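Asks: show me how the following folds:
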Amino acid sequence: MTLDDSTGRAGEAQKPLYLIGDEALRLEDVADLARGQGRAELAPAANARMQASFELLRRLHEGSEEIYGVTTSVGASVDTHVPAAQAAELSLNLLRMHGCGTGRILDEDEAAAVVLLRVVSLAQGRSGVRPLLAERLLELFNARVLPRIPAEGSVGASGDLTPLSYVAALLVGEREVTARGRVCAASEALAELGLEPLVLEPKEALSLMNGTSVASALACLAWSRARRLSRLASAASAMASHATLGNPSHFDALIHEAKAHPGQMQVAQWIREDLQGLPTQKAQRLQDRYSIRCAPQVIGVLEDGLSFGRLVLERELNGVSDNPIVAVERDAILHGGNFYGGHVAFVCDALKTAVANVACLLDRQIMLICNPAENGGLPANLVGVEGPQACTHNGFKAVTIAASSLAAEALKLTLPASAFSRSTELHNQDKVPMATLAARDLLRVVEISEQVAAMALLVCAQAYDLRGGALSGPSAALQERVRENVPKLDADRRMDHDIAALLQALRADRLLDPSTYAAAGTGR
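Replies: The predicted model follows:
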């Protein structure tokens with residue numbers, strides 16, 4: 001990936017340009033591009049690689065080389081011979097056959113990430129397809145004309161065949177797209193851009209579909225959100241410690257250096273930094289409950305998981321998840337299984353467990369802060385009303401129930417999807433990783449955990465207001481940002497809008513400055 005700050009057409013001039021196939025993309029690049037914060041073009045070197053692989057495939061095909069998905073049908077039908085004159089017809093029918101996706105439609109950012117990652121794989125020049133395919137996909141990507149991809153229907157090998165068929169269908173002008181927020185037929189969107197549907201060459205549909213790009217795309221976006229959540233959970237834990245008259249010595253650097261897990265040390269450092277500027281107070285006990293005392297050990301697992309996840313996911317997204325491979329340097333076609341999404345599945349299954357445990361941690365902190373037996377003198381459920389009317393108010397009681405429900409749902413989803421391999425497609429795909437299911441689970445666990453984190457911030461902010469006193473430093477700044485979005489709970493009211501407001505602020509990076517968690521997931 002090379003960044004080029006040259007200007008483009010009106011409205012695009014301020015967006016950085018990424019040259020795909022030049023250098024490796026980072027997870028941050030994927031997230032930024034998927035959100036429309038950059039433009040992408042095929043690098044000249046990638047164009048040359050793709051052209052060379054296409055020409056070799058064509059030459060070998062003309063020379064009667066046996067090539068899976070070109071001279072043969074696919075999957076368990078590999079023994080079915082396909083004459084050269086019908087190879088392109090097989091390509092088209094392959095994408096049509098896989099138009100059987102179900103479930104929710106991936107949102108625009110998710111679909112954009114899918115398209116981007118498929119281009120990154122093709123740009124390696126190992127798939128035997130024309131550069132035109134990558135260039136056309138990036139043209140549509142930059143115009144925010146995106147395939148409407150159903151989330152369900154992939155077992156993760158041979159890659160994400162069914163969901164990726166919706167990417168291939170876009171190029172040939174079939175099915176539906178989202179064009180700058182409007183749903184319409186793919187043929188209509190192409191016509192509006194002055195583009196003709198492509199006629200796919202042999203293997204091109206297979207190369208578009210036979211990869212891990214859906215699972216990887218969802219995993220990349222979930223990783224980005226989990227990284228932010230890790231930093232937010234650390235900030236909330238600092239607030240919870242102070243709100244409950246906790247013992248700040250639990251976060252002493254020497255304790256965490258003694259065990260030497262980088263993520264644990266990072267979280268302890270964040271909590272120490274967030275506690276700076278808060279008034280000194282007498283701790284109510286020598287050792288706090290685990291949900292406070294062990295916050296670095298719990299969130300640190302997620303931090304270290306993010307570091308491992310970055311390593312694996314960046315290798316996956318920048319690699320070739322296709323079959324067969326066109327080896328230009330050997331003048332050969334190599335048949336293998338790089339479409340297998342086992343690494344992505346493993347990362348997602350691991351991360352969803354780490355994220356769910358953070359949700360559980362925050363849920364327990366909420367309960368501590370709302371419990372008068374544990375919170376150091378604050379009212380039960382943080383009721384903000386005093387006097388005779390206080391008996392008719394219950395403060396955050398319902399929030400504690402909702403947070404517990406959400407944490408339970410997140411924990412329930414930690415069952416490893418990759419353990420549920422199914423033999424399918426006439427037992428040809430007899431061992432599969434369920435990578436896309438794992439990635440969808442991870443996204444859902446992150447979403448749930450963000451909701452618990454929003455509730456935890458509301459509770460911590462209320463506790464700070466009730467405790468009173470002058471505040472300064474990072475925790476005070478976070479308290480102020482919470483209050484910019486949600487007022488103090490002076491009397492019982494509906495709080496769904498409060499939670500939604502904080503979630504919106506969180507996802508727009510208005511609660512935490514992204515620079516404060518830029519180190520997350522680096523393994524430093």
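
Asks: count of residues packed around Ile366?
Replies: Close neighbours of Ile366, defined as other C-beta atoms under 10 Å, add up to 27. (C-beta placed from N, C-alpha, C; glycine too.)

Asks: for Asp496, same thing?
Replies: Residues within reach of Asp496, counting by other C-beta under 10 Å, total 8.

Asks: same question for Glu386.
Replies: Residues near Glu386, counting by other C-beta under 10 Å, number 9.

Asks: which SSE is it in?
Replies: Glu386 belongs to no helix or strand when elements are defined using DSSP states H and E.

Asks: that one and Pro372: what is the separation?
Replies: Between Glu386 and Pro372 the computed distance is 15 Å (C-beta to C-beta, to the nearest Å).

Asks: let me see the mean pLDDT of whichever strand or helix holds Ile366.
Replies: According to DSSP H and E, Ile366 maps onto helix 342-370. On average, the pLDDT along helix 342-370 is 98.

Asks: what's the helix or strand for Arg493?
Replies: Following DSSP H and E, one finds Arg493 outside all helices and strands.

Asks: contacts for the helix or strand encompassing Leu56, please.
Replies: Taking DSSP H and E as the criterion, Leu56 maps to helix 44-62. Contacting residues not belonging to helix 44-62 are listed as 20-22, 42, 67, 70-71, 84, 87, 122-131, 134-135, 201-203, 326, 328, 331, 333 [C-beta atoms under 8 Å, 6 or more residues apart in numbering].

Asks: how far does it sit from the chain's center?
Replies: Chain-centre distance of helix 44-62: 33 Å, with C-alpha atoms, centre = their mean, to the nearest Å.

Asks: which parts of that helix are buried?
Replies: The neighbour-count check on helix 44-62 (16 or more other C-beta atoms under 10 Å) flags Ala46, Asn47, Arg49, Met50, Ser53, Phe54, Leu56, Leu57, Arg58, Leu60, His61 as buried.

Asks: cool, stretch 107-115 as well?
Replies: Glu108, Asp109, Glu110, Ala111, Ala112, Ala113, Val114, Val115.

Asks: I'd say the first one and Val145 touch.
Replies: This means Glu108. No - using C-beta atoms under 8 Å, Glu108 is not in contact with Val145, being 10.3 Å away.

Asks: now stretch 440-452: buried residues?
Replies: Going by 16+ other C-beta under 10 Å, stretch 440-452 has these buried residues: Arg440, Asp441, Leu442, Leu443, Val445, Val446, Glu447, Ile448, Ser449, Glu450, Gln451, Val452.

Asks: for the record, mean pLDDT for that stretch?
Replies: The average pLDDT within stretch 440-452 is 98.

Asks: Ile123 touches Leu137, doesn't it?
Replies: I think there's a mix-up here, since residue 123 is Ala and not Ile. No - the pair Ala123 / Leu137 is not scored as a contact, 10.3 Å apart, by C-beta under 8 Å.

Asks: follow-up on the earlier one: quick one: common contacting residues for Glu108 and Val145?
Replies: With C-beta under 8 Å, 6+ apart, Glu108 and Val145 have common neighbours Thr178.

Asks: now do the helices in the stretch 251-400 of the chain.
Replies: Secondary structure of the stretch 251-400 of the chain (DSSP state H, counting those that start in this stretch): helices at 253-257, 262-275, 290-293, 295-318, 342-370, 397-412.

Asks: out of those, which one sits most buried?
Replies: Highest mean neighbour count of those: helix 342-370, a mean of 25 (counted as mean count of other C-beta atoms under 10 Å).

Asks: now do the strands in the stretch 151-300 of the chain.
Replies: Along the stretch 151-300 of the chain, counting by DSSP state E, counting those that start in this stretch, strands occupy 176-179, 182-185.

Asks: avg pLDDT for the first one?
Replies: Put plainly, it is strand 176-179. Rounded mean pLDDT across strand 176-179 is 98.

Asks: listing partners with orientation, what would you give for it?
Replies: strand 145-147 (antiparallel), strand 182-185 (antiparallel) (DSSP bridges).

Asks: ok, and for the longest one, which residues are buried?
Replies: In this case it means strand 182-185. Cys184.

Asks: quick one: contacts of it?
Replies: The contact list for strand 182-185 (C-beta under 8 Å, 6+ apart) reads Arg148, Arg175, Glu176, Val177.

Asks: what sits against the third one?
Replies: This points to Glu176. Counting by C-beta under 8 Å, 6+ apart, Glu176 has contacts Pro147, Arg148, Val183, Cys184, Ala185, Ala186.

Asks: what packs against the helix holding Ile366?
Replies: On a contact count with 3 or more C-beta pairs under 8 Å, 6 or more residues apart in numbering; DSSP states H and E, helix 342-370 meets helix 213-243, helix 290-293, helix 295-318, helix 397-412, helix 435-467.

Asks: show me the shaky parts of this structure.
Replies: Where the chain drops to pLDDT under 70, the residues are 1-13, 518-524.

Asks: show me it divided up by domain.
Replies: What automatic domain parsing lists as the domains of the chain is 2-211, 222-298+346-517.

Asks: got the ones you listed as TSV, with distance to Asp304 columns?
Replies: What follows is the domains of the chain, written out as TSV (distance: least, C-beta to C-beta, whole Å):
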stretch	distance to Asp304
domain 2-211	16
domain 222-298+346-517	4
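
Asks: so how many other residues sit close to Arg118?
Replies: Arg118 has 30 neighbours, counted by other C-beta under 10 Å.

Asks: element containing it, please.
Replies: helix 108-122.

Asks: check which residues of the very next helix or strand once past that helix are buried.
Replies: Once helix 108-122 ends, the next helix or strand along the chain (criterion: DSSP H and E) is helix 131-142. Neighbour counts over helix 131-142 (16+ other C-beta under 10 Å) mark Pro131, Leu132, Leu133, Ala134, Glu135, Arg136, Leu137, Leu138, Leu140, Phe141, Asn142 as buried.
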